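**Student:** Got a sequence here, can you build the structure:
(one chain, ligands or ions: 1)
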Amino acid sequence: MTVTGNLNTLYSEIIEKRSKGKGVCICPNKSSDICNFRKTKESCWWPFIGDEKSKCIIVAEAPSAGSKKGKGVHFSRLLDEVVAVPPEKRKTWDRFYFAMKDTLGYYPHFTDAVKCGVSDQRRKDKNEILHRRFTDPEIGEDRCSYYLMEEIRIVNPSLVITVGWFAKQKIEEIKEKTGVSFDHKNILHYSGQASLPVNMDDKIGIIWPHQLKEHLPKGASLPDVSKLSFFNKD
Ligand SMILES: [Zn+2]
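**Tutor:** Now for the predicted structure:
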């Protein structure tokens, strides 16, 4: 079976539920008291499968955009929907994803460490929820971690890119636990939140290619660091 076929099998439950417009918690060994997913408030994860030949998985924390009050179930977007956005209209996440695609030379897979969206919480509560949804705190049993380990097993990546501390920490744990070998890069966050003297163009054109230098297509040259906007202020 192909990688795409195996991933579709892994995600079959969520694909079926989405086709009926239903929000779904895909935690294995479900018990809603642990996940406590609020289907109409938090966003439902959706598989974002890259190229069949993709050797990279990008891992973020959890789907974050929740639906506005009363709007019902909110799903993450489909790859087709993201690709359909014209380049000049791309927002932060889209610009990040296409920067990865252009840097690596193929569409990477994208996933979230925790599949049920976490929104509206204060950071401290959010962290607790993320950990609880990832691994059952009572018995230490796999919950969303099951999916992440299966995704890694199926794709057999040479590169895992993480965005943010939670994904970074969980990938380090999985790497140690499973002994699967891949290069792990935690890249500078794509949101505008990081208070660093670099802008999105710096990240796309210079910083990310340098962070991913071992994974660039053959013959690709590295951008000139002296071109960072920080060094070229009036
Ligand atoms: Zn869940």
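**Student:** Only C-alpha atoms from now on, for both contacts and neighbour counts.
**Tutor:** OK.
**Student:** How about the residues of the chain by the ion?
**Tutor:** C25, C27, C35, C116 (Cα under 5 Å from the ion).
**Student:** Kindly reformat the residues you listed as TSV containing pLDDT, distance to W165 and secondary structure.
**Tutor:** What follows is these, written out as TSV (pLDDT from 0 to 100; distance: Cα to Cα, whole Å; DSSP: H, G, I helix; E, B strand; the rest coil):
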residue	pLDDT	distance to W165	secondary structure
C25	79	23	coil
C27	72	22	coil
C35	80	21	helix
C116	84	18	strand
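**Student:** got JSON lines for those residues, with neighbour count and distance to V83 too?
**Tutor:** Listed next are the residues of the chain next to the ion as JSON lines, based on neighbours: other Cα atoms under 10 Å; distance: Cα to Cα, whole Å:
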{"residue": "C25", "neighbour count": "23", "distance to V83": "26"}
{"residue": "C27", "neighbour count": "23", "distance to V83": "28"}
{"residue": "C35", "neighbour count": "21", "distance to V83": "31"}
{"residue": "C116", "neighbour count": "29", "distance to V83": "23"}
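**Student:** mean confidence for the one helix or strand E81 maps to?
**Tutor:** Using DSSP states H and E, the element containing E81 is helix 79-84. Helix 79-84 comes out with an average pLDDT of 86.
**Student:** Please work out which residue of the chain is closest to the ion.
**Tutor:** The minimum distance from the chain to the ion, using Cα to the ion, falls at C25 (3.9 Å).
**Student:** Show me which of the residues of the chain next to the ion is closest to W46.
**Tutor:** Set against W46, the nearest of the residues of the chain next to the ion by Cα to Cα is C116 (9.7 Å).
**Student:** Show me what the closest one bridges to in the sheet.
**Tutor:** Beta bridges link C116 to C44, judged by DSSP bridges.
**Student:** in whichever helix or strand comes after the helix holding E81, what counts as buried?
**Tutor:** Scanning forward in sequence from helix 79-84 by DSSP H and E, the next helix or strand is helix 92-104. Judged by neighbour count using 16 or more other Cα atoms under 10 Å, the buried positions of helix 92-104 are D94, R95, F96, Y97, F98, A99, M100, K101, D102, T103, L104.
**Student:** what do you get for stretch 215-232?
**Tutor:** Applying 16+ other Cα under 10 Å to stretch 215-232 flags H215, L216, L228 as buried.
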